[in-house]
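Peer 1: curious how this folds, go ahead:
(chains A and B)
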Amino acid sequence: DGGITQSPKYLFRKEGQNVTLSCEQNLNHDAMYWYRQDPGQGLRLIYYSQIVNDFQKGDIAEGYSVSREKKESFPLTVTSAQKNPTAFYLCASSMRSGNQPQHFGDGTRLSIL
Amino acid sequence: GNSVTQMEGPVTLSEEAFLTINCTYTATGYPSLFWYVQYPGEGLQLLLKATKADDKGSNKGFEATYRKETTSFHLEKGSVQVSDSAVYFCALSASMDTGRRALTFGSGTRLQVQP
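Peer 2: Modelled structure (predicted):
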């Protein structure tokens, strides 16, 4: 079955450490997205990519970085510059054109040690 | 800018009760509208969508009608079940100057259905 796989499901970060969250999709979607979800809140866009080797900042990109070297993969790095990284991170993908819905992975929960 | 406003939860209902979750939006252009559902510890699943005014999206007994005149997309279900307990997100997709079509989400409404 096609879908989006996020790993790991749970991740712990030490102070001053960078961590990378994995997102892989086999839906042949061009566009991919990273969102952050805080308790009791909606999702906020961190970064998005509409095509390989191209990506744009979302609403809360500070302290995060991404790469898009392959169509299937869109890893997110939470850097030490992100002072409040504890959250639930969701990756999504969609067809690039038109009003296509986004498909979501099951998320990664990041906590600070 | 674009925004979505949902009624605050939690909404607590008895099984077989009628459900309405209100959603209003502000957007430039002609947005598409979506309802997503999130079960505990999981990602979001698309529940239904509508891409133009007066469209009705429906799935699993849930319905929502795209009302451009009132900028609303309220979610309804005639008879809820315990298994419908989850958090429901209203969202819109509208192209901005950069061509971005990422979603703008409401804050979510938690539904609790009691047997």
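
Peer 1: alpha carbons only for contacts and neighbour counts from here, please
Peer 2: OK.

Peer 1: excluding its backbone neighbours, what's nearest the residue nearest the centre of chain A?
Peer 2: Geometric centre of chain A, nearest residue: A:Trp34, 3.0 Å, by CA atoms, centre = their mean. Spatial nearest neighbour of A:Trp34, chain neighbours left out: A:Cys91 (4.6 Å); criterion: CA to CA, 6 or more residues apart in numbering or on different chains.

Peer 1: next one: A:Leu90
Peer 2: Going by CA to CA, 6+ apart, A:Leu90 has A:Gly107 as its nearest residue, at 4.6 Å.

Peer 1: then A:Val78?
Peer 2: Leaving aside its sequence neighbours, A:Val78 sits nearest to A:Tyr64 (CA to CA, 6+ apart; 4.8 Å).

Peer 1: assess the claim that that neighbour and A:Thr79 are in contact.
Peer 2: Yes: under the criterion of CA atoms under 8 Å, A:Tyr64 makes contact with A:Thr79 at 5.8 Å.

Peer 1: now tell me what touches the worst-scoring helix or strand of chain B on mean pLDDT from outside.
Peer 2: Ranked by mean pLDDT, DSSP states H and E, the weakest helix or strand in chain B is strand B:103-105, scoring a mean of 89. With CA atoms under 8 Å, 6 or more residues apart in numbering or on different chains as the test, strand B:103-105 has contacts from A:42-45, B:2-4, B:89-94.

Peer 1: most neighbours among those residues, which one is it?
Peer 2: When these are compared by neighbour count (other CA atoms under 10 Å in any protein chain shown), B:Cys90 ends up highest, at 31 neighbours.

Peer 1: give the contact list for that residue.
Peer 2: B:4, B:6, B:23, B:33-36, B:73, B:105-106, B:108.

Peer 1: so which strand or helix has it?
Peer 2: Using DSSP states H and E, B:Cys90 sits within strand B:86-93.

Peer 1: for chain B, which segments are assigned as strands?
Peer 2: Applying DSSP state E to chain B gives strands spanning B:3-6, B:11-14, B:19-21, B:23-26, B:32-38, B:44-50, B:56-59, B:62-65, B:75-77, B:86-93, B:103-105, B:109-114.

Peer 1: correction: the previous question concerned chain A.
Peer 2: With DSSP E as the criterion, chain A has strands spanning A:4-7, A:10-13, A:19-25, A:31-37, A:43-51, A:54-57, A:64-66, A:76-78, A:87-94, A:103-104, A:108-112.

Peer 1: do stretch B:26-38 and chain A meet at all?
Peer 2: Yes: Stretch B:26-38 is in contact with chain A by CA under 8 Å from any CA of the partner chain, via B:32, B:34.
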